[in-house]
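Enquirer: Coordinates only, no sequence provided:
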Ligand code: 13P
Ligand code: ZN
Ligand code: NA
């Protein structure tokens, strides 16, 4: 069955590895994630933004995930990523999501605490885990765009107060990553991450992990990152394979032909990231 991220992330924290969360957009990318994770015996988190829920349909997504989770013996969580609409979060929880991110990081510190706390109260009553963000991860995810000048790194002391006052289950930290591809190689602030990890005991989440080097991900996991969010690299691998297929087969039109190699390419990314995060053979 679809489970929350509670046990998944606590086990990761105890044993110092991270579980990747993959943003998916369709049946084939869901299958790529579940097949890749099952082969490597890794717990896995499937993430959808509100935009993806609107695109694919809430009931379709939950049904496909339930079917997928039943076919495998690995822990599978379905997570609502970056949602700032409280009613939308409640709708997803009522439909079967067991993990959500309330993203009020654009609000003032006080309002972020207030809104997040309210969602935590609603979610915890139903066994649903809550992630929230303090500081602002830059870049673009769906229609959430944060310019470099508006991005801001997480303050460790504020993060402690935020985690205490909201009772969240995991904290998304801003330490220099950004959503999407990087124009320049990202410089992660590991000192900051280390300080946050020293004073906060809930699992930490790294956003914008596409384009972050393997070595940096490994270093981040050593310093308390328990969930690594990957969206763009899945999109790119899937799209590039479709483009390649049509270049070589310009008259093709059967989705089973052009989506199968795309699915394999996405699955390869999934398996790479699982190995880098260290979540292989944890089931
Ligand atoms: P990337 O698109 O950089 O992988 O970021 C993913 C993310 O943080 C999803 O919340
Ligand atoms: Zn994100
Ligand atoms: Na990125």
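Expert: Alright, I've got the coordinates. These figures come from a predicted structure and were not determined experimentally. Ligands and ions are numbered 1, 2, ... in the order given.
Enquirer: Close to ligand 1: what parts of the stretch 101-250 of the chain are there?
Expert: With CB under 6 Å from any ligand atom as the criterion, the stretch 101-250 of the chain meets ligand 1 at residues 141, 179, 180, 207, 208, 209, 210, 229, 230, 231, 232. For the C-beta atoms, the positions are set from N, CA and C on the backbone; glycine is no exception.
Enquirer: Please report how far the fifth one lies from residue 119.
Expert: In this structure, residue 208 and residue 119 are separated by 22 Å, where distance is defined by CB to CB, to the nearest Å.
Enquirer: ok, these two, which is more surrounded?
Expert: Neighbours were counted for residue 208 and for residue 119 using other CB atoms under 10 Å; residue 208 has more, 27 against 23.
Enquirer: Contacts only, for the nearest residue to that one once chain neighbours are set aside.
Expert: Among residues not flanking residue 208 along the chain, residue 177 sits closest, at 3.6 Å (CB to CB, 6 or more residues apart in numbering). By CB atoms under 8 Å, 6 or more residues apart in numbering, the contact set of residue 177 is 137, 186, 188, 206, 207, 208, 209, 212.
Enquirer: is it true that residue 131 lies in a helix?
Expert: No: per DSSP: H, G, I helix; E, B strand; the rest coil, residue 131 lies outside any helix segment and is strand.
Enquirer: Could I get the full set of helices for the stretch 151-283 of the chain?
Expert: For the stretch 151-283 of the chain, the helices defined by DSSP state H, counting those that start in this stretch occupy 156-166, 190-199, 214-222, 232-248, 255-277.
Enquirer: quick check, nearest of the contacts of residue 177 to residue 258?
Expert: residue 209 (27.5 Å; CB to CB).
Enquirer: Could you check the pLDDT of that closest one?
Expert: For residue 209, the pLDDT comes out at 98.
Enquirer: Wait, it touches residue 217, no?
Expert: Yes: with contacts counted by CB atoms under 8 Å, residue 209 reaches residue 217, the gap being 6.4 Å.
Enquirer: Pull up the overlap in contacts between the two.
Expert: Common neighbours of residue 209 and residue 217 (criterion: CB under 8 Å, 6+ apart): residue 228.
Enquirer: measure the nearest residue to residue 216 once chain neighbours are set aside to ligand 2 for me?
Expert: Using CB to CB, 6+ apart and skipping residues adjacent in sequence, the residue nearest residue 216 is residue 188, 5.4 Å away. Distance of residue 188 to ligand 2, given as CB to the ion, to the nearest Å: 15 Å.
Enquirer: give me the number of residues near residue 188?
Expert: As a burial measure, residue 188 scores 18 neighbours (other CB under 10 Å).
Enquirer: related to what we said a few turns ago, in strands, which of the residues of the stretch 101-250 of the chain next to ligand 1 appear?
Expert: If you go by DSSP state E, those have 141, 179, 229, 230 in strands.
Enquirer: can I assume the third one is in contact with residue 46?
Expert: The reference is to residue 229. No: with contact defined as CB under 8 Å, residue 229 does not reach residue 46; the gap is 11.6 Å.
Enquirer: Residue 90 looks like it's in a helix, true?
Expert: Yes: Residue 90 forms part of a helix when assessed by three-state DSSP.
Enquirer: Tell me which residue in the stretch 101-250 of the chain sits closest to ligand 2.
Expert: Residue of the stretch 101-250 of the chain nearest ligand 2, by CB to the ion: residue 207 (3.4 Å).
Enquirer: Could you double-check that that residue lies in contact with residue 172?
Expert: Yes: using CB under 8 Å, residue 207 is in contact with residue 172, at 5.5 Å.
Enquirer: Those two: which is more packed in?
Expert: residue 207 (28 against 24).
Enquirer: how near is that one to residue 174?
Expert: Residue 207 is 8 Å from residue 174, by CB to CB.
Enquirer: and for these two, which residues touch both?
Expert: 133, 137.
Enquirer: Which residue, other than its chain neighbours, is closest to residue 240?
Expert: Distances taken as CB to CB, 6+ apart put residue 265 closest to residue 240, at 6.9 Å, once the chain neighbours are dropped.
Enquirer: Tell me the spacing between the residue of the stretch 1-150 of the chain at minimum distance from ligand 1 and residue 249.
Expert: Going by CB to the nearest ligand atom, ligand 1 is nearest to residue 81 of the stretch 1-150 of the chain, at 4.6 Å. According to CB to CB, residue 81 and residue 249 sit 34 Å apart.
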